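Chemist: fold the following.
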Amino acid sequence: MSGKITQEDLDFAIVDGRQSPTAAAVQRGVCRLLIHMGFAPLTEFSLKTGRRIDVAGINAKGEIIAVEIKSSLTDFRADQKWEDYLDFCDRFFFAVPMEFPRDVLPEETGLIVADQFGAEILRDSPEDRLPAARRKAVTLLFARVAARRAHLAIDSGV
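Modeler: Numbers count the residues shown, from 1 in each chain. Alright, predicted model coming up:
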């Protein structure tokens, strides 16, 4: 991440706006759940690999959660990059709306059902602890992105 403010920084400072209304509702509910669980959520978190996690969260112990939102069966079938996120989190979840056909989701992942008001974990994610060096790199990236977005929310003229 360079010191220069990018268009991506500006786009995410206020509202992402790229997702469908269903995905936006699920995202809101997931973020509320993560906050309730003691995690600080960050939406559309871009990794060094170029992949973007729909919602990432970090807690006071440094545990990192990744959440991939799937708004429909078509969305799930068209996008099979979720395994690329496993090396960047301790726990991985799919988050879906209530009407999503859950039997198609991999059993080895966590499962969250959400709407705009909140979310519930239906299946916990197995924990696969990150190596220390990877944890440090992801944590620093998370902190820098979050701080940049917080600043842009109050001063978009940078």
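Chemist: which other residues reach stretch 48-56?
Modeler: For stretch 48-56, contacts defined as C-beta atoms under 8 Å, 6 or more residues apart in numbering pick out 23, 27, 30-31, 34, 41-47, 64-69, 81, 84-85, 88-89, 95, 137, 141-142. (C-beta placed from N, C-alpha, C; glycine too.)
Chemist: now, of these, which are buried?
Modeler: Applying 16 or more other C-beta atoms under 10 Å to those, the neighbour count classes 23, 27, 30-31, 34, 41-45, 47, 64-69, 85, 88-89, 95, 141-142 as buried.
Chemist: so which of the residues you listed belong to helices?
Modeler: Within the buried ones among the contacts of stretch 48-56, residues falling in helices by DSSP state H are 23, 27, 30-31, 34, 141-142.
Chemist: how about CSV for the residues you listed, with pLDDT and distance to residue 152 added?
Modeler: CSV is the format used below for these (pLDDT from 0 to 100; distance: C-beta to C-beta, whole Å):
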residue, pLDDT, distance to residue 152
23, 95, 22
27, 96, 19
30, 97, 22
31, 96, 18
34, 97, 21
141, 97, 16
142, 97, 16
